[in-house]
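In: return a 3D structure for these sequence lines:
(2 chains)
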Amino acid sequence: MRVTNNMLSNQFLSGYQTSLSRMADIQEKMTATKNINRPSDNPIGAARNLQFTSASSTNALFTQNANDAISWMKTSDSNLGSMITTMASIKTAVSSAISANPTTSYQVIEKQVDEMIKKLVQDANSQIGDRYVFGGQKDATEPFTINYDASGKMTAVVYNGTSKQLTDPTLPYDAATNPYVAATTNDGTVMMQVVPGDINAFRDKINQDGQEVFGDMMTITKTVDGVPTTYNNVPKIFNDLLKIKQNLTDIQTGANGVTPSTLSNDLGTIEADRDYIISARTTVGARQSSYQTIVDRLTADSLIIAQDAKDNDGFDVAKASIESQLALNAYNTLLSVGANVLPKSLVDYL
Amino acid sequence: MASTFGGLNIMTLGISAQQLSQNTTGHNVANAGTTGYSRQTVNLITTTPQQIYTANGMSMAGTGVTTASITRARDFLVDVQYWQKNSTKNYWSNQSNILGKVEEIFNDTANTGIQNAMELFQKSLGNMASYPGETSTRTATREAAGALVQTLKTSGDGLISQANDASIRIDTQIKQVNSYSKQIAALNKQIVSQEATGATANDLRDQRDKLVDELSALTQINVSEEKSGAYTVIIAGGISLVQGEYATELNVEYEKNTPYGYDSTKVTALDGTITVNFKNGSIASLTNLRDTTINGYLADLDVMAQSLLQDFNTLHKQGKTKDLTTPAGNFFGVTGVDYTDPAEDPTKKASPTSWLSQLKVNEDFYTKDGYNLIAASGASAVGTANGDNATKLKNWLTDDPSTSSASLGRNSLSGYYSSIVGAIGVQSQQAKNVTKNQTVIFDTIATTRESISGVSMNEELSNMIKFQQAYASCAKMLTTMNSMLESLINIR
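Out: Predicted structure coming up:
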């Protein structure tokens, strides 16, 4: 083949372009520390990369949710603990009332129980941030309010939150004759998503609502200031405690046939009610530890996702450095050959 | 018996032949850098010999040298291949170039694209699901949705501006085609008249071939040479762009694309009676990119907008607003419009527009306390702590649906988007690879042509010495013959 000067210079220029564009390519990868800088660098890798960024952002959301759920449960747990202590104190106070006592002692005990009920309500109205933890789905409304009569005596504690409801709230729960209204099963449920897919009331529930802490919501009728008054949504435990408080008043006068044995029976009621709150606390505790496990798993997942994303990209500093060195060598060689060959011609020797 | 002065005549012819050869060598060297120049050679032949009678009979005696022709080193078959490969190469280099720009629009490798906007929207919906009662999560969701809409629209605008740019370039390149075909026709005329005498119009032919080179970058052409020496240039569809001294003028008519609204072009010839569809070359490449590729990606973005206006809204309407009583309306678009109603399909209206142009976050959300209209709570919610619908909306973005959607089919929005990214990646990568291959093929042809037609300095310099020596020898011969004649004249 006949070789001309233009062929040499064209070849030099095209080699120069190839070499420089290769250097630019390696430089881009090295400065970004990524092999995939646009979809065409690796179409499949780029599409997979989208899945990894999506997985990583979902993981961050779930981790945040799980941590928020844990702090919600911690608040619930510490308040439930305080409630259980209060219930124990009420029991002690009532049991001290069983043995014969002077009237003044009954008054003191009644006063104590009164204060302790208020303390229970205070704990039941605890908040995390500005959300009430025991109010079911109505997290912005104070869930428990105390009603008083004209003389300032507590008449009923009413629940303003949401929870499951009895078919007939005037009667106690009975699986056969007085079950819960099916449609209200999840009315008190607050959820935070920590696993992908549809949200599930059993799996993703983070709270204990008023019914789960203080018993079924009753409708009661009482004579207040001489007027019969109906209270809806009175939690069973508060209803029990107010009854016991009334018994402590009545025992002083013997009204309504209240005797020390009535109070002994009340001790059993308090015990049962305390167990109910303990079971709520156990549920929260168990859930909290499973959420802790979930946080640990999400953290491990995030590392795996990061590693997968890195593997998918496949950038290797050492490999890139060597490639860059090779490209530089090729470039140097090209320039040196070009500089030696191009300027020479016969005219130099004439 | 040869003429007494015949020798002088031979040497005169020799001197002038060597001089002409040397001049042509000079012409070659001078044009070594001229694009499209092909080296020229002087073809020498001996003059008609003279019959002389010698003692032994008749002999033929040489009478010197003369120039038969000056030809250029050129291979028409290589030229044809060059033009063909040039068209193909330019088709792909334009594809690769513009796809490179299009893929930047869908580039999410730096977490700045549509995917990122979708993730932020998804995250804000997730936060709203956990804290549905809080103003901050609701406004954050509204703003993230606004950012997603903005990103989709910016991407759409990016594609439209690429399409508009393609149309402008097509317009410019058609003007170039017209200019080249006129020049080729003019050169045809000159070449025909110059060659009527039998000579070859080397330099005019070089110029004409150079114009055909330029033309072949723009479109695939079919060139044939008439007996008269004129080129006939035919483009796709059998339209003869140049015939003899006549050139066909091409016209560009602008039109608006529906429903996306970018500028489109139609190229016509013969006063609009014929529509020209180019094949290969940059014009066909740009047309194809605009009408198929960019249009296709605009349609993909439109599908995403459609799904937000239809499926996302339908899901949103199933939830409950913050007060649990106000009915949930559209999240995207305008309150009260049912986008699933075929009558509301913007692409099928009297003046069609794209879904993307209809896409916006419901303006009601921006009124006082409007963020409370976002239906974060599920249908069964009894309190503001219920964020079930926000979770559903969040899941809708990433989870493949169980029933086929009118817009996305069986894909989630993010799944659909990643298929777009995959598609553009493959397309752009293929264009890059084909461009590389076609460049190699083209370079081989270009090298072959250079090998035939190019000027080699060393060759010219060695010719220079050859002709110099020949010239000097002829001159020396002349002197010698002169002195021989002198000797003859001085015999007495």
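
In: only C-alpha atoms from now on, for both contacts and neighbour counts.
Out: Noted.

In: chain B versus the spatially most central residue of chain A, what's the distance?
Out: Nearest to the mean C-alpha position of chain A, by CA atoms, centre = their mean, lies A:A69 at 1.9 Å. From A:A69 across to chain B, the span is 9 Å (CA to the nearest CA, to the nearest Å).

In: contact partners for that residue?
Out: By CA atoms under 8 Å, 6 or more residues apart in numbering or on different chains, A:A69 lies in contact with A:192, A:206, A:291.

In: now, which of those residues lie close to chain B?
Out: When contact is defined as CA under 8 Å from any CA of the partner chain, these meet chain B at A:M192.

In: what about B:N28, how many residues nearby?
Out: B:N28 has 22 neighbours, counted by other CA atoms under 10 Å in any protein chain shown.

In: need the residues of the stretch 351-492 of chain B near chain A, please.
Out: B:380-388, B:391-392, B:395, B:399, B:418-419, B:421-429, B:447, B:450-452, B:454-458, B:461-462.

In: which members of those are positioned in strands?
Out: With DSSP state E as the criterion, strands contain none of these.

In: show me just the buried residues among those residues.
Out: B:380-388, B:391-392, B:395, B:399, B:418-419, B:421-429, B:447, B:450-452, B:454-458, B:461 (16 or more other CA atoms under 10 Å in any protein chain shown).

In: looking at the contacts of A:A69, which has the most residues close by?
Out: Neighbour max across those (other CA under 10 Å) = A:M192, 28 neighbours.

In: now do the contacts for it.
Out: Contacts of A:M192 (CA under 8 Å, 6+ apart): A:65-66, A:69, A:204-206, B:129-130.

In: give me the subset of these lying in helices.
Out: A:65-66, A:69, B:129-130 (DSSP state H).

In: residue contacts, whatever residue of the stretch 51-200 of chain B ends up closest to chain A?
Out: The nearest approach of the stretch 51-200 of chain B to chain A comes at B:S130, 5.2 Å away (CA to the nearest CA). Taking CA under 8 Å, 6+ apart as the criterion, B:S130 is in contact with A:65, A:191-193, B:385, B:387.

In: ditto for B:V361
Out: B:142, B:145-146, B:149, B:331-333.

In: which of those residues lies closest to B:D291?
Out: Nearest to B:D291, judged by CA to CA, of the contacts of B:V361 is B:V149 at 24.7 Å.

In: which residue comes closest to the closest one once chain neighbours are left out?
Out: B:K360 (6.2 Å; CA to CA, 6 or more residues apart in numbering or on different chains).

In: pLDDT weak spots in the stretch 101-250 of chain A?
Out: Across the stretch 101-250 of chain A, the ranges flagged by pLDDT under 70 are A:101.

In: show me the residues around B:V303 that make contact.
Out: Per CA under 8 Å, 6+ apart, neighbours of B:V303: B:355, B:407-408.

In: repeat that for B:Y254.
Out: B:263-266.

In: relative to chain B, which of the contacts of A:A69 is nearest.
Out: Closest to chain B, out of all of these and judged by CA to the nearest CA, is A:M192, at 5.2 Å.

In: hang on, B:M60 in a helix?
Out: No - checked against DSSP: H, G, I helix; E, B strand; the rest coil, B:M60 lies outside a helix; its state is strand.

In: report the beta-bridge partners for it.
Out: In this entry, B:M60 is beta-bridged to B:Q51, by DSSP bridges.

In: I'd say it and B:Q50 touch.
Out: Yes - using CA atoms under 8 Å, B:M60 is in contact with B:Q50, at 5.5 Å.

In: of those two, who's got more company?
Out: B:Q50 (14 against 11).

In: now the terminal residues of stretch B:353-362, how far apart.
Out: 19 Å (CA to CA, to the nearest Å).

In: in that stretch, which residues are buried?
Out: B:353-362.

In: so which of the residues you listed are in helices?
Out: Judged by DSSP H, the subset of the buried residues of stretch B:353-362 located in helices is B:355-358.

In: can you list these in JSON lines and add pLDDT?
Out: Formatted as JSON lines, those follow (pLDDT from 0 to 100):
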{"residue": "B:W355", "pLDDT": "95"}
{"residue": "B:L356", "pLDDT": "94"}
{"residue": "B:S357", "pLDDT": "93"}
{"residue": "B:Q358", "pLDDT": "93"}
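
In: same list (the residues you listed) but as JSON lines, adding distance to B:K476.
Out: Below are those laid out as JSON lines (distance: CA to CA, whole Å):
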{"residue": "B:W355", "distance to B:K476": "91"}
{"residue": "B:L356", "distance to B:K476": "89"}
{"residue": "B:S357", "distance to B:K476": "89"}
{"residue": "B:Q358", "distance to B:K476": "93"}
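
In: please name the nearest non-neighbouring residue to A:L267.
Out: A:K91 (6.2 Å).

In: for the one you found, which three-state class applies?
Out: Classified using three-state DSSP, A:K91 is helix.

In: put together JSON lines for the contacts of B:V303, with distance to B:Q194 on each row.
Out: Output for the contacts of B:V303, formatted as JSON lines (distance: CA to CA, whole Å):
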{"residue": "B:W355", "distance to B:Q194": "63"}
{"residue": "B:S407", "distance to B:Q194": "67"}
{"residue": "B:L408", "distance to B:Q194": "67"}
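
In: for B:N433, state which of those residues is nearest.
Out: Using CA to CA, these come closest to B:N433 at B:L408, 31.0 Å.

In: pretty sure that closest one contacts B:Y416?
Out: Yes - at 6.9 Å, B:L408 counts as touching B:Y416 under the criterion of CA under 8 Å.

In: what's the overlap in contacts for the two?
Out: Common neighbours of B:L408 and B:Y416 (CA under 8 Å, 6+ apart) are B:M304.

In: by mean pLDDT, flag the weakest helix or strand of chain B.
Out: strand B:50-54 (a mean of 86; mean pLDDT, DSSP states H and E).

In: could you list the buried residues of stretch A:153-173?
Out: Those would be A:154-169, A:172-173, for stretch A:153-173 by 16+ other CA under 10 Å.

In: from the residues you listed, which land in strands?
Out: Filtering the buried residues of stretch A:153-173 for strands - DSSP E - leaves A:154-159.

In: out of those residues, which comes closest to chain B?
Out: So of those, ranked by how close each gets to chain B (CA to the nearest CA), first place is A:Y159, at 13.6 Å.

In: just list whatever residues bridge to the closest one.
Out: Bridge pairing for A:Y159 - DSSP bridges - gives A:F144.

In: got the contact list for it?
Out: A:143-145, A:210, A:217, A:233-235.

In: and it, how close does it get to B:V421?
Out: 54 Å.

In: ok, B:A305 next?
Out: 16 Å.

In: please apply the same query to B:T321.
Out: Distance from B:T321 to B:V421, by CA to CA: 35 Å.

In: residue ranges for the strands of the stretch 151-300 of chain A, please.
Out: A:154-159, A:217-224, A:227-235 (DSSP state E, counting those that start in this stretch).

In: what's the closest of those strands to B:S181?
Out: Nearest of the strands of the stretch 151-300 of chain A (CA to CA): strand A:154-159, 90.8 Å.

In: for residue 305, grab the count of nearby residues.
Out: Answering for chain A, as no chain was given. Per other CA under 10 Å, the neighbour tally for A:I305 reads 19.

In: oops, chain B please
Out: 25.
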